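[1] With the sequence up front, the predicted model follows.
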Amino acid sequence: MADFFGTDGFRGEAGATLTTDSAYAIGRFLGWYFGMRRGVKCRVVLGKDTRKSSYTFEYALAAGLTASGADAYLMHVTSTPSVAYAARTRSFDCGIVISASHNPFSDNGIKILNCRGEKLEDGVISLIEEYLSAPRALPFATGGGVGSVVDFSIGRSEYCAHLVSLMPRSMEGYKIGLDCANGAAYNLARSLFRALGAEVHAIGCRPDGLNINDGCGSTRPARLCALVKSRGLDAGFAFDGDGDRCIAVDERGRVVDGDGILYILARLLKGRGEPVDRGIVATVMSNSGLVASLAGQGIKTEICGVGDRVVFETMKKSGCALGGEQSGHIILSKVENTGDGLVTALWILQAMQEEGLPLSALTEGLKIYPQCLISVPAAGERADCEEVERAVSRAAADMCGEGRILIRPSGTESVVRVMVEHPDGLLCKNVCAALAEAVKGGGTCAE
């Protein structure tokens with residue numbers, strides 16, 4: 001059986017790896033699984049990002065769902081967290097988001113959420129993959145049993161109202177920069193911060209179907225850094241293509257990544273007297289300096305594998321209220337059960353208000369060790385090649401037992417991530433470059 005779904009849904013090149021046939025088949029299966037199989041009409045909420053191909057997949061999914069008797073509620077262009085919120089609060093059987101997040105416009109993806117707004121359970125994903133690998137005849141709805149397509153734009157308004165309710169104080173007097181990556185959050189973010197009274201300066205808000213994440217957004221915050229610094233803004237927030245990540249920029253134009261955000265929010269929770277005795281959750285990609293700095297504040301850090309789903313599952317098991325990734329996926333279980341870039345931005349602003357300090361001051365005390373990360377276009381098995389294993393052994397010797405090396409295939413792109421961390425910044429950079437070359441090169445892969 002083929003593995004279609006990775007760590008963040010079924011993702012690949014639109015029209016090649018991921019086709020409209022795939023989308024239609026997924027819709028057919030979900031409509032049958034949640035509805036016809038039980039003899040009831042199910043309701044599914046769908047949202048999409050701004051990619052040109054997202055419209056095609058939206059129509060294909062809706063066609064499959066309604067053919068299986070399900071009603072498809074379309075939120076249109078909206079963020080992943082907004083679909084998760086709708087699924088959780090409006091009693092939908094599941095939610096579907098059409099997005100490839102931070103990937104280029106030529107890729108797309110389908111991620112499925114359960115009725116609680118969480119990533120769909122592995123057992124159901126396995127059934128979908130089994131059906132995609134060997135399609136079997138599923139009954140078609142007939143007559144009045146055929147599903148309907150419903151405009152559910154109101155779902156976006158309900159989500160925005162929810163976000164406004166999270167902010168106890170007005171943002172009047174604050175000047176905020178936004179980079180919406182020409183993606184799903186381009187209208188939501190501007191509307192939210194204006195409703196809160198902030199003066200908004202936005203870039204990455206002119207999607208044309210082809211420019212999502214193109215030189216902008218959470219993976220490329222340089223333009224936002226320049227905007228914040230040149231216009232004297234209080235802070236900036238960069239989101240990814242589907243709006244579930246946030247990278248902050250302080251008033252000096254410096255990036256505050258997911259590790260910095262975790263540090264700020266962990267201290268915010270502790271300062272409010274909220275329970276952080278069980279610590280927070282971070283991933284293997286987080287900087288060791290975060291762990292050490294939080295330990296100095298009396299907050300422990302539990303380390304888990306990569307992916308916001310893994311983070312959330314670890315949080316549930318350990319009872320932690322906060323978790324996230326260096327890439328900007330931050331989960332606050334008190335508010336939501338998925339990463340939400342807008343919620344993250346709001347809580348950073350709450351920390352600034354409560355402390356009465358600029359964003360730059362909120363990261364004082366966080367000591368980050370030199371870290372280098374290179375994404376190498378390569379097949380996943382290159383991470384375990386004999387050639388790479390030899391290179392790692394040589395690198396470990398050069399590093400004299402200090403620092404960390406992590407090489408892993410990405411769960412969302414066709415790349416291998418090479419990460420090196422070491423107190424010596426130059427050595428860190430050179431070792432990472434050498435390992436990246438080893439991953440690129442030829443060689444025999446280990447079985």
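    Alright, I've got the coordinates. Numbers count the residues shown, from 1 in each chain.
[2] Find the helix or strand that the residue lying closest to Ala141 once chain neighbours are set aside is a member of.
    Distances taken as C-beta to C-beta, 6 or more residues apart in numbering put Gly69 closest to Ala141, at 3.5 Å, once the chain neighbours are dropped. Where you see a C-beta, it was placed from the backbone N, CA and C, and this is true even at glycine. Following DSSP states H and E, one finds Gly69 outside all helices and strands.
[3] Same check on Ile110?
    strand 107-113.
[4] Packing partners of that strand?
    In terms of contacts (3 or more C-beta pairs under 8 Å, 6 or more residues apart in numbering; DSSP states H and E), strand 107-113 is packed against strand 9-13, helix 20-34, helix 52-67, helix 80-89, strand 94-98, helix 122-133.
[5] Could you rerun that using 7 Å?
    strand 9-13, helix 52-67, helix 80-89, strand 94-98 (3 or more C-beta pairs under 7 Å, 6 or more residues apart in numbering; DSSP states H and E).
[6] Can you give the contact residues for the first one?
    Spelled out, that is strand 9-13. 4, 18, 22, 100, 103, 106-107, 109-112, 412 (C-beta atoms under 7 Å, 6 or more residues apart in numbering).
[7] Just give me the neighbour total for Arg272.
    Arg272 is flanked by 11 other residues according to other C-beta atoms under 10 Å.
[8] Glu355 versus that one, what's the distance?
    The gap separating Arg272 from Glu355 is 11 Å, by C-beta to C-beta, to the nearest Å.
[9] do the same with Glu302
    Distance from Glu302 to Glu355, by C-beta to C-beta: 26 Å.
[10] Need the winner for burial among the helices and strands packed on strand 107-113.
    Stretch with highest mean neighbour count among those: strand 94-98 (a mean of 29; mean count of other C-beta atoms under 10 Å).
[11] partner strands of that one, parallel or antiparallel?
    strand 43-48 (parallel), strand 107-113 (antiparallel) (DSSP bridges).
[12] What score does the residue nearest to Ala141 have for pLDDT?
    The predicted structure scores Gly69 at 97 on the pLDDT scale.
[13] Quick check: it vs Glu130, distance?
    Gly69 is 21 Å from Glu130, by C-beta to C-beta.
[14] between those two, who's got more neighbours?
    Applying other C-beta under 10 Å to Gly69 and Glu130 shows that Gly69 carries more neighbours, namely 24 against 14.
[15] Just list the residues touching the more buried one, thanks.
    Contacts of Gly69 by C-beta under 7 Å, 6+ apart are 31, 35-36, 41, 141, 145-147.
[16] Closest one of these to Gly403?
    Within these, the smallest distance to Gly403 is 50.8 Å, found for Gly31 (C-beta to C-beta).
[17] Can you report how many residues lie near the closest one?
    When neighbours are counted by other C-beta under 10 Å, Gly31 comes out with 30.
[18] The closest residue to Ala391 other than its chain neighbours: what secondary structure?
    Using C-beta to C-beta, 6+ apart and skipping residues adjacent in sequence, the residue nearest Ala391 is Ala438, 3.7 Å away. Secondary structure, DSSP: H, G, I helix; E, B strand; the rest coil: Ala438 is helix.
[19] I'd guessed Ala438 sits against Ser393; true?
    No. Assessed by C-beta atoms under 7 Å, Ala438 is found out of contact with Ser393, at 10.9 Å.
[20] okay, these two: which has more neighbours?
    Shown here are Ala438 and Ser393; by other C-beta under 10 Å, Ala438 has more neighbours (22 against 10).
[21] Which residues are in contact with that one?
    Going by C-beta under 7 Å, 6+ apart, the list of residues near Ala438 reads 387-388, 391.
[22] mind running it again at 8 Å?
    385, 387-388, 390-391 (C-beta atoms under 8 Å, 6 or more residues apart in numbering).
[23] And the pLDDT at it?
    Reading off the model, Ala438 has pLDDT 91.
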